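Peer 1: structure for this input, please:
(one chain, ligands or ions: 1)
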Amino acid sequence: MVRPFNFSAGPAALPLEVLEQAAAEMLDWHGSGVSVMEMSHRGRDFMSICEQAEHDLRDLLAVPASFRILFMQGGGLGQNAIVPMNLMARSASRTADFVLTGSWSIKSQAEARRYGEAHVAARLSDERPMRLPPPSSWQLSANTSYVHVCSNETIDGIEFQDLPDLSALGCDAPLVIDCSSHIASRPIDWTRVGLAYAGAQKNIGPAGLTLVIVREDLLGHALSICPSVFDYRTVADQGSMFNTPPTYAIYIAGLTFQWLKRQTESGLHGLAAIEARNIAKAKLLYDCIDGSKLYRNQIDPSCRSRMNVPFFLADESLTEPFLVQAREAGLLQLKGHKSVGGLRASLYNAMPIEGVQALVQHMHAFESHHV
Ligand SMILES: Cc1ncc(COP(=O)(O)O)c(C=O)c1O
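Peer 2: Below is the predicted model of the structure:
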């Protein structure tokens, strides 16, 4: 089956093999006579699906035993409230630090203000190209309960290539990362992270599932106003079954984890293979942009996102014709986010290199007619 290439920022393309397997198993999962959607979340069949998904994710991302994996709901924006409700009480002053590097981290800080003191430790300057403020310049609060960063800003296309080492900055608070738009695209250095959260709908599966990977010692500090379904201690103690979890989304996420584990590339396997492929895809597109007179990207190469590549046309009036012709060429969802305009190509794990080659070919052809 020939499908167009879907560059959506999320909900985003899933691996074809995953969709095909889900389709084949839709009416009768492994001889059970029912669809996964119709199973009790506490029954043996679904429990095995959930346990396998958790096991595969732990394996794939090399999550240490000292971290718990939680399957939650509420999305990335839900976590903007759930994280402060669970962690802010760790400091007597209920202070948390935020590094503002784009739209999503700005939203995280704004939401946290409802629960305590959400201190801005650093923000992007107005310089162009845009670059992340170096950790050595961050003004961290004494006794902060946690430090929050968005490790890949989906709209702005800015990614931390290395996570900050807070202990080297003299800070013993946990680092919280919103990794919604690059989870499972590269390894995570767990020695630097206390909690990672991600909506599933970009790199993992359907919307409705939120992954939280949290260090065990960070459980059990929730404010009394925190709803029980969002108390990490409660969710962890109940194996993500305190209430009905998003069962079908967990099942699809599990199929995606297995797909990721099967990937190979130049002798590499699993996450290493996917990361190598992601580096190659991003290079292809950034090289095309940098080598052109028509397209530009305004992020410093040191922190350009491998997953979300925003770019602009020198003549803005060409943006719409570019999109129309791209659609005709089978290249979908390239419009930039409405807050910044222009174009954006999201190159999540499920985007094959052939998709990026087709996009680059379209960009060259379009440029040759308009420059
Ligand atoms: C980095 C990041 N954080 C948070 C969100 C919000 O996620 P949700 O819509 O699942 O609440 C998004 C959505 O695009 C995102 O890209």
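
Peer 1: show me the shaky parts of the stretch 251-371 of the chain.
Peer 2: Within the stretch 251-371 of the chain, the set of residues satisfying pLDDT under 70 is empty.

Peer 1: show me what residue of it gets nearest to the ligand.
Peer 2: The stretch 251-371 of the chain approaches the ligand most closely through N308 (8.1 Å), counting by CB to the nearest ligand atom. Every residue, glycine included, has its C-beta placed from N, CA and C.

Peer 1: looks like that residue contacts F7 (just checking).
Peer 2: No - using CB atoms under 8 Å, N308 makes no contact with F7, being 9.5 Å away.

Peer 1: which residues do these two both contact?
Peer 2: Common neighbours of N308 and F7, using CB atoms under 8 Å, 6 or more residues apart in numbering, are R344, A345, S346, L347.

Peer 1: and the ligand, which of those residues contact it?
Peer 2: By CB under 6 Å from any ligand atom, no member of the shared contacts of N308 and F7 lies near the ligand.

Peer 1: between these, which is nearest A92?
Peer 2: Nearest to A92 among those: S346, at 41.5 Å, using CB to CB.

Peer 1: check contacts around the residue nearest to the closest one when sequence neighbours are not counted.
Peer 2: In space, and not counting its chain neighbours, S346 is closest to A9: 4.5 Å by CB to CB, 6 or more residues apart in numbering. Residues counted as contacts of A9 (CB under 8 Å, 6+ apart) are T154, I155, S181, K202, N308, Q333, H337, R344, S346.

Peer 1: on the three-state scheme, A9 is what?
Peer 2: Assigned with DSSP: H, G, I helix; E, B strand; the rest coil, A9 falls in the coil class.

Peer 1: D45 versus that one, what's the distance?
Peer 2: 34 Å (CB to CB, to the nearest Å).

Peer 1: got a list of what A280 touches?
Peer 2: Applying CB under 8 Å, 6+ apart, the residues near A280 are I353.

Peer 1: that one and L209: what is the separation?
Peer 2: From A280 to L209 the distance is 28 Å (CB to CB).

Peer 1: before we move on, what about W29?
Peer 2: 18 Å.

Peer 1: higher neighbour count, these two?
Peer 2: Neighbour count, other CB atoms under 10 Å: between W29 and L209, L209 has more, with 25 against 20.

Peer 1: just to revisit the earlier point, quick one, phi psi at the residue of the stretch 251-371 of the chain closest to the ligand?
Peer 2: Here is the backbone geometry of N308 (degrees, to the nearest 10): phi -130, psi 120.

Peer 1: 106 is where my numbering starts, stick with that
Peer 2: Sounds good: first residue 106 from here, last item N413.

Peer 1: how many neighbours does it have?
Peer 2: When neighbours are counted by other CB under 10 Å, N413 comes out with 27.

Peer 1: so it bridges to which residues?
Peer 2: Counting by DSSP bridges, N413 is bridged to S451.

Peer 1: up against the ligand, what does the protein have?
Peer 2: G115, G180, G181, L182, W209, C255, T259, D283, S285, S286, G304.

Peer 1: need the contact list for the last one.
Peer 2: Translated: G304. Residues near G304 by CB under 8 Å, 6+ apart: G115, G180, G181, S285, A312, L314, T315.

Peer 1: mind listing which of those residues are in strands?
Peer 2: Among the contacts of G304, the members found in strands (DSSP state E) are T315.

Peer 1: may I ask which of the contacts of G304 has the most neighbours?
Peer 2: Of all those, S285 has the most neighbours under the rule other CB under 10 Å, reaching 27 neighbours.

Peer 1: what does stretch 129-149 contact?
Peer 2: By CB under 8 Å, 6+ apart, stretch 129-149 touches D150, F151, M152, I154, C155, M346, T349, P350, T352, Y353, Y356.

Peer 1: start and end of that stretch, how far apart?
Peer 2: Counting by CA to CA, to the nearest Å, you get 21 Å between the two ends of stretch 129-149.

Peer 1: just to revisit the earlier point, which of the contacts of A114 sits closest to P269?
Peer 2: The nearest member of these to P269, counting by CB to CB, is S286 at 18.4 Å.

Peer 1: okay, the longest helix seen in the chain in PDB with CA atoms only?
Peer 2: Ranked by number of residues, the top helix in the chain under DSSP state H is helix 375-395. Output of helix 375-395 as PDB, limited to C-alpha atoms (Å, rounded to 0.1, in the frame of the first residue of the first chain):
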ATOM      1  CA  GLY A 375      17.200  -0.700  18.600                       C
ATOM      2  CA  LEU A 376      17.500   2.800  19.900                       C
ATOM      3  CA  ALA A 377      21.000   3.300  18.600                       C
ATOM      4  CA  ALA A 378      19.800   2.400  15.100                       C
ATOM      5  CA  ILE A 379      16.900   4.800  15.300                       C
ATOM      6  CA  GLU A 380      19.100   7.500  16.600                       C
ATOM      7  CA  ALA A 381      21.600   7.000  13.700                       C
ATOM      8  CA  ARG A 382      18.700   7.200  11.300                       C
ATOM      9  CA  ASN A 383      17.300  10.300  12.900                       C
ATOM     10  CA  ILE A 384      20.700  12.100  12.700                       C
ATOM     11  CA  ALA A 385      20.900  11.200   9.000                       C
ATOM     12  CA  LYS A 386      17.400  12.400   8.300                       C
ATOM     13  CA  ALA A 387      17.900  15.700  10.100                       C
ATOM     14  CA  LYS A 388      21.200  16.300   8.400                       C
ATOM     15  CA  LEU A 389      19.700  15.800   5.000                       C
ATOM     16  CA  LEU A 390      17.000  18.500   5.600                       C
ATOM     17  CA  TYR A 391      19.200  21.000   7.400                       C
ATOM     18  CA  ASP A 392      21.800  20.700   4.600                       C
ATOM     19  CA  CYS A 393      19.100  21.400   2.100                       C
ATOM     20  CA  ILE A 394      17.900  24.500   4.000                       C
ATOM     21  CA  ASP A 395      21.500  25.800   4.600                       C
END
